[in-house]
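> need coordinates for the below:
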Amino acid sequence: MNNLIQKVRELAKADAYLVSSVENVAYLTDFTGDCSQLLITKDEALFFTDFRYVEQARIEVKNAQVVMTGGGDRITKMNEYLRGRGVKTLGIEKNNVTVKVFEGYEATFEPYTYVDIFDDLLTMRMIKTQSELEKIKKAARANEIALEEMLNVIKPGISELDVRAELEYRMQRQGMDLAFPTIVAAGENSAQPHATPSSYRLKNGDLLTIDFGCKYQGYCSDMTRTFAIGNIDAEQKKIYDIVKNAQKSAADAAVIGADTVFVDKVARDIISENGFGAFYDHGTGHGVGRFIHELPVLNPRSSMLLEKDMVFTVEPGIYVPGVGGVRIEDMHIGGEGSVYSFSRDLITL
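Okay, here's the model as predicted:
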């Protein structure tokens, strides 16, 4: 992990770097707690935490000096380390720093020029190590186990809220955290890509979309499947088949060296050519790692070449108000393909 801290220095964007997000602090140090920051200078790496985590940090953090502070004096303590070291530019994660925290920086630190390093850290994290991939695969396997167990639970009369509760129980009893709030959307609700589960009870003729993810030792998984509840009509089945074709075609196109814009276009063109282009307006995929959404991004605006050991989703969908929606999502590893074996065929429950 020491080489990761050195890679931050090699960004050469600032004289010192203050890493504050839980995910990036964990990435750089292997720390599994929270409420901590990592300060990287030209010749030091300092890990700031409080009494609750100091012993844990001394065990887990091997590549930085652990400094215990109270919550109220941490910025002051950081300033003591920065003062007199010729620091004029400080790199920070602007996506993670609130206005209040930034005001604290300005009130305490010497006058610095601040530069954003959030995207730089995302780029560093795009190519996963074998250790990271194993954690992602374990989280993905927990997805499949939980969903397999749900096939005997989901039936007409059960509510979206009950489906979510039963599914999350099956994830968590495998030792998993939740990667993001579970989406369970049935009937007309499934036409909302990110619907919030409700008390709506499943009935015959509904489409049911479930989008859920596990987190294992800080690494996420992401999976979506759409099911038929009893007998669905021909229009709903047509929509499902179009999405399945778009998802498979885009997945086949997502090879090492493929441009993310091209992969997105493969899925988007199939949906548009079948008359449903107006009902598909989100990206075809996104990176997965310590964040559930990170680089690379597969959409019409973000051009990037896929590389070996990148982790990303392929998840086209169609969402028709008053009819319902379909999304099929697999998580892929560059050079390996999908991590999931669970069927993409329409399953009737």
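
> contacts and neighbour counts: CA atoms only from here.
Noted.

> which strand or helix spans the residue nearest to the spatial centre of the chain?
Geometric centre of the chain, nearest residue: Ile292, 0.7 Å, by C-alpha atoms, centre = their mean. Using DSSP states H and E, Ile292 maps to neither a helix nor a strand.

> so it sits right up against Cys220, yeah?
Yes: between Ile292 and Cys220 there is a contact at 6.0 Å, judged by C-alpha atoms under 8 Å.

> what do the two both touch?
Shared contacts of Ile292 and Cys220 (C-alpha atoms under 8 Å, 6 or more residues apart in numbering): Ala179.

> before we move on, which element is the nearest residue to Gln174 once chain neighbours are set aside in?
Once flanking residues are discounted, Gln174 sits nearest to Ala142: 6.9 Å by C-alpha to C-alpha, 6 or more residues apart in numbering. Assigned by DSSP H and E, Ala142 belongs to helix 130-150.

> in that helix, what's buried?
Of the residues in helix 130-150, those with enough neighbours to count as buried (16 or more other C-alpha atoms under 10 Å) are 132-133, 135-144, 146-147.

> show me what that helix is packed up against.
If you count contacts as 3 or more C-alpha pairs under 8 Å, 6 or more residues apart in numbering; DSSP states H and E, helix 130-150 packs onto helix 160-172, strand 214-216, strand 219-220.

> pull the residues that contact the following helix or strand past the longest one.
The one in question is helix 160-172. Past helix 160-172, further along toward the C-terminus, the next helix or strand under DSSP H and E is strand 177-178. Under the criterion C-alpha under 8 Å, 6+ apart, residues Glu168, Met171, Gln172, Gly213, Cys214, Lys215, Tyr216 lie in contact with strand 177-178.

> now do 10 Å
Residues outside strand 177-178 that contact it (C-alpha atoms under 10 Å, 6 or more residues apart in numbering) are 139, 168, 171-172, 212-221.

> rewinding a little: export the helix holding Ala142 as CSV, just CAs?
Only the C-alpha atoms of helix 130-150 are listed here, as CSV (Å, rounded to 0.1, in the frame of the first residue of the first chain):
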residue,chain,number,x,y,z
GLN,A,130,-6.5,-9.4,-7.7
SER,A,131,-7.3,-8.8,-4.0
GLU,A,132,-9.9,-6.2,-4.8
LEU,A,133,-11.4,-8.5,-7.5
GLU,A,134,-11.8,-11.4,-5.1
LYS,A,135,-13.7,-9.1,-2.7
ILE,A,136,-16.0,-7.9,-5.5
LYS,A,137,-16.6,-11.5,-6.6
LYS,A,138,-17.5,-12.5,-3.1
ALA,A,139,-20.0,-9.7,-2.8
ALA,A,140,-21.4,-10.7,-6.3
ARG,A,141,-21.8,-14.3,-5.2
ALA,A,142,-23.8,-13.2,-2.2
ASN,A,143,-26.1,-11.3,-4.5
GLU,A,144,-26.8,-14.5,-6.4
ILE,A,145,-27.3,-16.6,-3.3
ALA,A,146,-29.8,-14.1,-1.9
LEU,A,147,-31.7,-13.8,-5.1
GLU,A,148,-31.9,-17.6,-5.6
GLU,A,149,-33.4,-17.9,-2.1
MET,A,150,-36.0,-15.2,-3.0
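
> for that helix, give the mean pLDDT please.
pLDDT averaged over helix 130-150 equals 98, rounded to a whole number.

> about what we covered before: which residues does the residue nearest to Gln174 contact?
Contacts were defined as C-alpha under 10 Å, 6+ apart; by that measure Ala142 touches 136, 148, 170-176, 213-216, 221.

> many thanks, have a good one.
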